[in-house]
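**Q** Here is the input, now give the coordinates:
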Amino acid sequence: MIRLVNGAHYSDATLQLPFSGHARHNVRMFPPVSLDVGAAIKTLVLTLDLLGTFVFALSGAVAGVRRRLDLFGVLVLSFVAANSGGIVRDVLIGATPPAALRDWRYLAASLLAGVLIFFWYPGIKRLRSPVLVFDAAGLALFCVAGAQKALVFGLSPVMAALLGMVTGVGGGVARDVLLSEIPAVLRADIYAVAALAGAAVMVTGDALGLPGTVSAGAGAVLCFGLRLAAIQLDWHLPVARAARRAADDAEAAARADGR
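**A** All right, here's what the predicted structure looks like:
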């Protein structure tokens, strides 16, 4: 029981107010509302993680179907593309065993995406550059989810942003390596920079005290927009002058042979 001003008492959900004489009137009060912030943040991270897992799995499955892999190969590629970045993140921050190996929902999301693409690829193929679009969406979701989880585990904002970038690019790197391609992050495309920008927005919003959903949404939109703009407008990071000259010479030689 808590004593308030003028002798009022608060006991459980009943507020007893003293009036003139000895009359008392009981006024029912609403029980206090408790908000578990830690649970809300964990739910946000899990939601972003599962969405990113599903979208990245779509990109891996599309790439596998294009390379004419069988059903098992497509499912393996979808799982690797969807979960490699998250596994690396969890190992680095000490969240072991990684969520992708501990929670059945990650495996289910990866396999569902692989099965959908394997059997309904003709409909997906109508999209323009489906691998790049799904990859950009997965990159956006994973970079903010990775940064948020790193903050939950006590990393500094700078380290959290870097870990968010690693989480975003890990799946694409694993997918490209399995397909014997140069990973997109190692080429001149705006890829890792987009993931780093999205993660930086996430940690900046957290430092300013903004709601996690607002920070995550802003970071994901920025990353996705930068990646799509780089694809559409052919944005590239600077490359070595000698490498550019060699590429120009090879292109000129190819044109000459075509004549």
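**Q** Just give the closest residue to residue 151, not the sequence neighbours.
**A** residue 160 (4.9 Å; C-beta to C-beta, 6 or more residues apart in numbering). Every residue, glycine included, has its C-beta placed from N, CA and C.
**Q** And the helices in the stretch 151-259 of the chain, which stretches?
**A** 157-178, 192-207, 212-233, 241-258 (DSSP state H, counting those that start in this stretch).
**Q** quick one: the shortest one to helix 157-178, angle?
**A** Per axes from the mean of the first three to the mean of the last three C-alpha atoms, to 10 degrees, the angle that helix 192-207 makes with helix 157-178 is 150 degrees.
**Q** Check which helices and strands helix 192-207 sits against.
**A** helix 130-152, helix 157-178, helix 212-233 (3 or more C-beta pairs under 8 Å, 6 or more residues apart in numbering; DSSP states H and E).
**Q** dump the residue contacts of the most centrally placed residue in the chain.
**A** By C-alpha atoms, centre = their mean, the mean C-alpha position of the chain lies nearest to residue 142, the distance being 1.9 Å. By C-beta atoms under 8 Å, 6 or more residues apart in numbering, residue 142 lies in contact with 48, 49, 52, 56, 85, 86, 164, 167, 168, 170, 171, 195.
**Q** what's the most buried one of the helices and strands packed on helix 192-207?
**A** helix 130-152 (a mean of 27; mean count of other C-beta atoms under 10 Å).
**Q** which regions of the stretch 51-200 of the chain sit below the pLDDT cut-off?
**A** Residue ranges of the stretch 51-200 of the chain with pLDDT under 70: 123-129, 188.
**Q** From residue 223, how far out is the residue lying closest to residue 107 once chain neighbours are set aside?
**A** Among residues not flanking residue 107 along the chain, residue 79 sits closest, at 6.9 Å (C-beta to C-beta, 6+ apart). Per C-beta to C-beta, to the nearest Å, residue 79 is found 23 Å from residue 223.
**Q** quick revisit: okay, and the residue nearest to residue 107 sits in which element?
**A** Per DSSP states H and E: residue 79 is located in helix 71-93.
**Q** could I have that helix exported to PDB, CA atoms only?
**A** Extracted as PDB, the C-alpha positions of helix 71-93 are listed here (Å, rounded to 0.1, in the frame of the first residue of the first chain):
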ATOM      1  CA  LEU A  71      16.300 -30.200 -56.400                       C
ATOM      2  CA  PHE A  72      18.800 -31.100 -53.800                       C
ATOM      3  CA  GLY A  73      21.300 -28.600 -55.200                       C
ATOM      4  CA  VAL A  74      18.800 -25.800 -55.300                       C
ATOM      5  CA  LEU A  75      17.800 -26.400 -51.700                       C
ATOM      6  CA  VAL A  76      21.400 -26.500 -50.500                       C
ATOM      7  CA  LEU A  77      22.200 -23.300 -52.300                       C
ATOM      8  CA  SER A  78      19.100 -21.600 -50.900                       C
ATOM      9  CA  PHE A  79      20.000 -22.600 -47.400                       C
ATOM     10  CA  VAL A  80      23.700 -21.500 -47.700                       C
ATOM     11  CA  ALA A  81      22.800 -18.200 -49.300                       C
ATOM     12  CA  ALA A  82      20.100 -17.500 -46.700                       C
ATOM     13  CA  ASN A  83      22.000 -18.400 -43.500                       C
ATOM     14  CA  SER A  84      25.800 -18.000 -44.100                       C
ATOM     15  CA  GLY A  85      25.800 -14.300 -43.100                       C
ATOM     16  CA  GLY A  86      23.700 -14.900 -39.900                       C
ATOM     17  CA  ILE A  87      25.900 -17.900 -38.900                       C
ATOM     18  CA  VAL A  88      29.100 -15.800 -39.200                       C
ATOM     19  CA  ARG A  89      27.400 -13.000 -37.200                       C
ATOM     20  CA  ASP A  90      26.300 -15.200 -34.400                       C
ATOM     21  CA  VAL A  91      29.800 -16.900 -34.200                       C
ATOM     22  CA  LEU A  92      31.500 -13.500 -34.000                       C
ATOM     23  CA  ILE A  93      29.300 -12.200 -31.200                       C
END
